[in-house]
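[1] Build me a structure from this.
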Amino acid sequence: MQEADFNALTRFVVERIEVGICALDRDGRVLLWNRFMAMHSGLDAESVVGRPIYEIFPEVPRPWLEKKLTSVFLLKNYAFTSWQQRAFLFPFQHHRPITGGADYMHQNCVFLPVKDAQGEVQQVCITVFDFTDTAIFQRMLQSTVGELERERSEQRHLIRKLEKAHNQVLQSEKLASIGQLAAGVAHEINNPVGFVNSNLGALENYVSELLRVIDAYAAIESELQARPEILAPLAEIKRKADLEFLREDIGQLIRESKDGLDRVKRIVQDLKDFSRVGESQWQWVDIHKCLDSTLNVVWNEIKYKAEVVKDYGALPEVECLPSQLNQVFMNLLVNAAQAIAERGTITIATRTDGEAVEVSIADTGNGIPEENLTRIFDPFFTTKPVGKGTGLGLSVSYSIVARHHGRIEVESTLGQGTLFRICLPKSQASDAQAAA
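    Prediction:
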């Protein structure tokens with residue numbers, strides 16, 4: 001190919017290519033301005049060649065552009081800037097209304113050093129690539145990805161809520177089953193306790209009658225002094241039977257047996273009060289009775305670990321769902337006992353606070369680390385060993401207290417103990433009951 005032909009081809013490509021090409025000297029004067037630059041700027045080559053680029057486009061970032069040009073002249077190497085770093089160098093309007101979404105053309109610009117035969121840079125050629133469509137699509141993609149991430153986050157949140165609700169239902173069903181079992185056990189225990197109690201009453205009467213007969217025989221014993229052959233065997237029988245001890249001990253045994261039966265009956269009643277099977281109606285109840293019945297139910301969990309101190313204030317009756325509050329008290333009391341390593345104290349205190357009542361359960365156990373205090377009411381959060389806890393107790397308790405339009409608070413000092421405070425309104429609004 002002849003040099004003239006090659007030059008003609010080069011000029012043709014420079015003019016027709018869909019890339020902006022301009023050349024600047026050290027002072028920023030325009031030396032070359034192709035058709036792409038003319039079309040998008042609205043200025044033909046004759047009107048810009050020889051003029052400083054900063055005069056043609058006052059809005060061009062002059063300090064930044066001068067720094068770019070200087071680096072190319074000094075380092076004799078190319079430089080690059082993308083639309084992601086700087087949206088555009090030349091303020092060209094984007095004339096593609098079909099795609100839309102951008103006011104100005106987004107540009108990738110390459111600064112190429114144009115060297116002479118000695119390798120010195122004489123001009124800098126700037127190539128301008130239109131990346132507007134790419135920018136639009138990338139922004140659309142980012143927006144779509146962002147929307148998908150938001151939807152994914154909402155789905156995760158919904159899944160957690162569903163999982164929480166599902167496990168609370170399972171926990172409620174489990175507790176309902178336990179309640180039904182407790183009620184069934186209480187009913188079954190009541191029957192034998194009833195007839196044992198009745199038999200003990202009859203036995204007490206029979207023993208009293210026998211002792212009266214023995215006393216009657218003892219009264220005529222003096223009349224047998226003249227009959228030693230009869231009196232001596234009787235005296236031996238009394239000595240071997242230790243009649244005086246039997247007289248004292250048999251009454252004590254019957255009284256202790258009756259006291260034991262009374263305790264069994266109290267435990268059975270506490271089980272029935274605690275379970276309240278099928279109860280779903282709001283009731284006015286004595287919170288102290290709820291606490292005492294729950295305490296009796298979990299006593300075996302506590303008695304070897306802690307002394308229980310009751311600091312009960314004067315409380316009015318509270319409108320609530322007693323079986324659910326019993327569940328909250330049970331969770332807190334068992335947790336308090338499990339938090340005590342060897343031997344400690346659990347203090348149950350009650351107070352009134354205006355139109356609310358306050359129940360606090362404090363222990364002298366290990367305490368809760370500060371970083372865990374904000375998480376203890378989260379479902380499945382537990383610091384207990386595997387198999388020792390589900391992480392649902394406090395979460396369910398929080399939900400129950402919230403259902404009663406109350407609040408549950410926690411204070412803890414590591415190594416000193418923990419206090420849970422439950423605040424409940426004395427009465428529930430009618431709409432809250434309807435929602436329940």
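[2] what helix or strand is residue 85 on?
    Assignment of secondary structure by DSSP states H and E places residue 85 within no helix or strand.
[3] what's the neighbour count on it?
    8 (other Cβ atoms under 10 Å). (Glycine included, C-beta is placed from N, CA and C.)
[4] What separation do you get for it and residue 54?
    Here the criterion is Cβ to Cβ, to the nearest Å. By it, residue 85 lies 21 Å from residue 54.
[5] In the protein, mark out all the helices, start to finish.
    Secondary structure of the chain by DSSP state H: the helices cover 3-16, 35-41, 45-48, 53-56, 62-75, 132-219, 228-241, 243-275, 287-297, 299-302, 322-339, 393-403, 430-435.
[6] what's the closest of the ones you listed to residue 418?
    With Cβ to Cβ as the measure, helix 322-339 is the member of these nearest residue 418 (6.4 Å).
[7] for the closest one, packing partners?
    Applying 3 or more Cβ pairs under 8 Å, 6 or more residues apart in numbering; DSSP states H and E, we find helix 322-339 packed against helix 243-275, helix 287-297, helix 299-302, strand 344-353, strand 356-363, helix 393-403, strand 417-425.
[8] Of these, which is nearest residue 62?
    Closest approach to residue 62 among these is made by helix 393-403 (62.2 Å; Cβ to Cβ).
[9] Buried ones in the closest one, by neighbour count?
    By 16 or more other Cβ atoms under 10 Å, the buried positions in helix 393-403 come out as 393-401.
[10] Low-confidence stretches in the stretch 251-400 of the chain?
    Counting by pLDDT under 70, the ranges of the stretch 251-400 of the chain that qualify are 269-280, 379-392.
[11] let's see it at 50
    277-278, 386-387, 390 (pLDDT under 50).
[12] ok so, going back, just the helices of the chain: most buried one?
    A comparison of the helices of the chain by mean neighbour count, using mean count of other Cβ atoms under 10 Å, puts helix 322-339 on top with a mean of 22.
[13] what distance separates that one from the centre of its chain?
    19 Å (Cα atoms, centre = their mean, to the nearest Å).
[14] Next: stretch 311-329.
    That offset, for stretch 311-329, works out to 25 Å (Cα atoms, centre = their mean).
[15] what's the answer for stretch 109-128, then?
    Using Cα atoms, centre = their mean, the offset of stretch 109-128 from its chain centre is 62 Å.
[16] got the end-to-end distance for that stretch?
    5 Å (Cα to Cα, to the nearest Å).
[17] Against residue 406, how distant is the closest residue to residue 363 other than its chain neighbours?
    Leaving aside its sequence neighbours, residue 363 sits nearest to residue 336 (Cβ to Cβ, 6 or more residues apart in numbering; 3.7 Å). As judged by Cβ to Cβ, residue 336 and residue 406 stand 19 Å apart.
[18] do you know how far residue 32 is from residue 112?
    12 Å.
[19] An error on my part: the question was meant for residue 141.
    31 Å.
[20] for residue 347, same thing?
    According to Cβ to Cβ, residue 347 and residue 112 sit 82 Å apart.
[21] Please parse this protein into its domains.
    The record's domain parsing of the chain by automatic domain parsing lists 3-130, 162-277, 279-436.
[22] Dump those into CSV; add distance to residue 147 as well.
    Putting the domains of the chain into CSV (distance: least, Cβ to Cβ, whole Å) gives the following:
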stretch, distance to residue 147
domain 3-130, 16
domain 162-277, 22
domain 279-436, 28
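[23] Beta-bridge partners for residue 352, please?
    Per DSSP bridges, the residues bridged to residue 352 are residue 357.
[24] and it, what does it touch?
    Contact analysis of residue 352 by Cβ atoms under 8 Å, 6 or more residues apart in numbering lists 313-316, 358.
[25] Residue 49 reaches residue 32, doesn't it?
    Yes: counting by Cβ atoms under 8 Å, residue 49 touches residue 32, with 7.5 Å between them.
[26] okay, the two: which has more neighbours?
    residue 32 (17 against 14).
[27] Not counting its neighbours along the chain, what's nearest the more buried one?
    Counting by Cβ to Cβ, 6+ apart, residue 32 lies nearest to residue 23, which is 3.8 Å off, once chain neighbours are set aside.
[28] I'd assumed residue 29 was in contact with the one you found.
    No: Residue 23 is beyond contact range of residue 29, at 9.5 Å (criterion: Cβ under 8 Å).
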